[in-house]
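K.L.:
3D, please:
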Amino acid sequence: KNSVAHTHLHGMDSERLSPKALPRVKKRETPISTKQLVDLLSKVTCFAKFSPEQMVQAAKKMTEEEFHPNTPVIRQGEIGKEFYIIEQGTAVVTRKKNPNDPNEIPQILAHINQHASFGETALISAETRNATVSAASSGLILLKMTKADFLTVQKYISERPTVHRLAKILGRVKVFKKMSRSKRVQIARSMKPMTFPANTYICQQGQPGHTFHVILRGGCKVTVYDGEFENGERTVGTLNPDDYFGEVALLEGAQKRTANVITLERTVT
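P.N.:
Coordinates of the predicted model:
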């Protein structure tokens with residue numbers, strides 16, 4: 001595809017600049033604010049569904065990087081791992097028909113200026129770059145987000161509702177009741193999800209207990225051993241999402257389980 005739009009550039013200035021050298025770009029005396037960054041990120045597709053709070057988290061991940069005049073920032077054909085916003089200066093976008101041909105003169109597609117962005121596809125895919133973007137003769141100061149940082153923000157976004165849900169549930173548990181909310185959030189972040197198939201014993205009566213569980217999805221039945229019943233177990237209750245069990249194990253590691261907890265369906269705790 002040879003359309004300029006396919007290069008995923010935002011704030012593009014299609015006007016050709018004079019080939020003469022531009023004045024060397026200087027760093028801003030006042031760094032770009034988080035609010036300005038949030039406004040810029042809100043125009044980029046892969047951030048479009050983020051909440052205001054999530055956008056702030058993304059903005060804080062961006063770091064400044066300077067490129068000398070005529071230095072490539074990203075190269076056509078390479079796998080991308082960074083996304084950029086131009087803080088100061090001008091960048092030149094070029095493309096070759098055959099990026100592996102060292103003798104081919106690249107075609108200039110556009111010049112892009114302050115607050116334009118490029119490279120967003122690298123954050124959400126493993127596709128190779130379809131154009132080269134270089135600093136113009138004035139040099140370039142960019143704000144960069146790596147794919148690793150983007151994925152960290154995504155993780156923060158996806159886990160945050162679960163963490164706060166867990167922290168709220170922990171407030172009902174005697175062991176955690178007197179703790180501050182921030183401490184319960186910290187504990188919730190340390191909890192690891194576990195998935196159990198249907199008809200699995202998560203806890204078994206008489207066995208030592210070592211784990212505490214909160215049901216996130218699915219459900220369980222609670223039974224005790226009783227020889228008067230055909231299968232040797234009597235159902236004494238059920239557990240549904242947001243219910244918890246096993247908290248005694250947190251206080252006394254050698255405490256034996258007083259009941260069986262058996263999944264009724266695929267269950268996540």
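
K.L.:
can I assume Leu40 is in contact with Ala116?
P.N.:
No. Contact criterion CB atoms under 8 Å: Leu40 and Ala116 do not qualify, at 9.2 Å. (C-beta placed from N, C-alpha, C; glycine too.)

K.L.:
Which residues are in contact with each of those two?
P.N.:
Counting by CB atoms under 8 Å, 6 or more residues apart in numbering, the contacts common to Leu40 and Ala116 are Ile85.

K.L.:
mind checking the SS state of Val153?
P.N.:
Under DSSP: H, G, I helix; E, B strand; the rest coil, Val153 falls in the helix class.

K.L.:
For it, report the pLDDT, please.
P.N.:
You'll see Val153 listed with a pLDDT of 81.

K.L.:
Check His6 too.
P.N.:
Value listed for His6 in the pLDDT field: 40.

K.L.:
ditto for Thr263
P.N.:
Thr263 is given a pLDDT of 95.

K.L.:
who's it bridged to?
P.N.:
Here Thr263 sits in beta bridges with Cys220, as judged by DSSP bridges.

K.L.:
Just to check, it is in contact with Val222?
P.N.:
No. The pair formed by Thr263 and Val222 falls short of the contact definition of CB under 8 Å, at 11.3 Å.

K.L.:
any idea where the helices of the stretch 151-269 of the chain begin and end?
P.N.:
Remark: helices assigned in the stretch 151-269 of the chain by DSSP state H, counting those that start in this stretch are 181-190, 248-251.

K.L.:
now those as TSV including mean pLDDT, distance to Val214 and mean neighbour count?
P.N.:
Formatted as TSV, the helices of the stretch 151-269 of the chain follow (pLDDT from 0 to 100; distance: least, CB to CB, whole Å; neighbours: other CB atoms under 10 Å):
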stretch	mean pLDDT	distance to Val214	mean neighbour count
helix 181-190	89	9	14
helix 248-251	77	12	15
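
K.L.:
In a markdown table, list those along with distance to Ile74.
P.N.:
Shown next, in a markdown table, are those (distance: least, CB to CB, whole Å):
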| stretch | distance to Ile74 |
| --- | --- |
| helix 181-190 | 35 |
| helix 248-251 | 50 |
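
K.L.:
Which among those is found nearest to Ala259?
P.N.:
Nearest of the helices of the stretch 151-269 of the chain to Ala259, taken as CB to CB: helix 248-251 at 11.1 Å.

K.L.:
Now do that closest one: everything it contacts.
P.N.:
Contacts of helix 248-251 (CB under 8 Å, 6+ apart): 175, 209-212, 255.

K.L.:
Spatially, which two of the residues you listed are the most separated?
P.N.:
Farthest pair in these (CB to CB) is Val175 and His210. Separation: 14.6 Å.

K.L.:
List the residues that contact the closest residue to Asn98 other than its chain neighbours.
P.N.:
Nearest non-adjacent residue to Asn98, counting by CB to CB, 6 or more residues apart in numbering: Glu104, 5.8 Å away. Listed by CB under 8 Å, 6+ apart, the contact set of Glu104 reads 96-98.

K.L.:
So which of those residues wins on neighbours?
P.N.:
Ranked by neighbour count (other CB atoms under 10 Å), these have Lys96 at the top, with 16 neighbours.

K.L.:
what's near enough to touch that one?
P.N.:
Shown in contact with Lys96 (CB under 8 Å, 6+ apart): 76, 104, 106-107, 132.

K.L.:
Which residue ranges of the stretch 51-200 of the chain form strands?
P.N.:
Ranges of strands in the stretch 51-200 of the chain, per DSSP state E, counting those that start in this stretch, are 63-67, 72-74, 82-95, 107-118, 132-146, 195-196.

K.L.:
To Leu166, which of the ones you listed lies closest?
P.N.:
Per CB to CB, nearest to Leu166 of the strands of the stretch 51-200 of the chain: strand 195-196, 16.0 Å.
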